[in-house]
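[1] Please find the sequence and the predicted model below.
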Amino acid sequence: MLTQRLIPGLLLRGGRLAKGERFASYQDAGLPHTTARAYIAQGADEILLLDVDASRVGRGPDLDAVRAVAAECQVPLTVGGGIRTVADGHACMAAGADKLCVTMTALDRSDLITELAEIFGSQAVVLGIDVLTDDGARRLYDHRNGDMVGRDPLAWARDGIARGAGEIRLMAVDREGTRRGMDLDLLEAVRHAVQVPIVLEGGAGTLEHLDAAFAAGADGVAVGTMLVFSDNNLVKIKRYLADRGRNVRA
């Protein structure tokens, strides 16, 4: 059985970390490299660094932040935000990224997935899928303007994998930052649609929430608010999950 991964999710704005709720009401959460250093010391399996402003304002990745975080990493680093071209991908990899996460830029131009996969390999291309569930209906969400995207999330997941992505970062937007539990129904739906690793994100607030996500089949869970605004840390979380029989790295 593959190790189930616990992945701190770092949201980057203006060179600093931020935490909010449903991509709004952001609060400052510190410096990315010092926070990454602390999480790695606690046993993070990977680091996920997402620049939430890059695509919204039309700029490329924050390479200074990528380099600073990569200098602290002895674990894989996934970088997302503003990756619009293969040249952006090369720049992120040169700055220390191990994987590239494309979300809105892939929706804008789906050939980008194939171009990145052909250069860096499918294992290095993560398809970010932001989903908003409203009255039982699931829609892709564009965080740049808060609008829905007229594509079915499951069809997009299948298409993105067919184009070469090797992993999915699945964000339940209506749960993001709320700490009220993860969207296991969404996970199950995407799990049945594709046969690649899925990292679930959005809504983790308790140890039980994380255990439930892994029990439901998540290959990884990205956590942010739970680490920033509670007394939980990765050592405590991993100890709990191991006691529950989850296959986590000590």
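    In hand now; what should we look at?
[2] Okay, helices next: where are they in this structure?
    With DSSP state H as the criterion, the chain has helices at 32-42, 54-57, 63-70, 86-95, 104-108, 111-120, 153-162, 184-193, 207-215, 225-228, 234-243.
[3] Out of those helices, name the one with the poorest average pLDDT.
    If these are sorted by mean pLDDT, helix 54-57 sits at the bottom with a mean of 80.
[4] in it, what's buried?
    Residues Ala54, Ser55, Arg56 are the ones in helix 54-57 that count as buried (16 or more other C-beta atoms under 10 Å). C-beta coordinates here come from the backbone N, C-alpha and C atoms, glycine included.
[5] Next, work out how far apart Arg109 and Leu6 are.
    Distance, Arg109 to Leu6, using C-beta to C-beta, to the nearest Å: 32 Å.
[6] These two: which is more packed in?
    For Arg109 versus Leu6, neighbours defined as other C-beta atoms under 10 Å are more numerous around Leu6 (25 against 12).
[7] Let me see the contact set for that one.
    Going by C-beta atoms under 8 Å, 6 or more residues apart in numbering, Leu6 touches Gly43, Ala44, Asp45, Leu210, Gly220, Val221, Val223, Leu234, Ile237, Lys238, Leu241, Val248.
[8] Return the set of residues that bridge with the residue nearest the centre of the chain.
    Nearest residue to the geometric centre of the chain (C-alpha atoms, centre = their mean): Arg169, 4.8 Å. Beta-bridge pairing for Arg169 (DSSP bridges): Gly128, Val199.
[9] I'd say it and Glu201 touch.
    Yes. Applying C-beta atoms under 8 Å, one finds Arg169 in contact with Glu201, separated by 6.3 Å.
[10] got any residues that touch both of those two?
    Ala222.
[11] Report the contact partners of Leu210.
    Leu210 is in contact with Leu6, Met182, Ala204, Val221, Val223, Ile237, Tyr240, Leu241, counting by C-beta under 8 Å, 6+ apart.
[12] could those go into JSON lines alongside distance to Glu115?
    Formatted as JSON lines, those follow (distance: C-beta to C-beta, whole Å):
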{"residue": "Leu6", "distance to Glu115": "31"}
{"residue": "Met182", "distance to Glu115": "32"}
{"residue": "Ala204", "distance to Glu115": "33"}
{"residue": "Val221", "distance to Glu115": "29"}
{"residue": "Val223", "distance to Glu115": "31"}
{"residue": "Ile237", "distance to Glu115": "37"}
{"residue": "Tyr240", "distance to Glu115": "41"}
{"residue": "Leu241", "distance to Glu115": "37"}
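[13] which residues touch the nearest residue to Gly96 once chain neighbours are set aside?
    Distance criterion C-beta to C-beta, 6 or more residues apart in numbering; nearest residue to Gly96, sequence neighbours excluded, is Ala70 at 2.3 Å. Shown in contact with Ala70 (C-beta under 8 Å, 6+ apart): Leu77, Ala95, Gly96, Ala97.
[14] ok so, going back, so which of the contacts of Leu6 would you say is closest to Leu127?
    Distances from Leu127 to the contacts of Leu6, taken as C-beta to C-beta, are shortest for Gly220 (13.9 Å).
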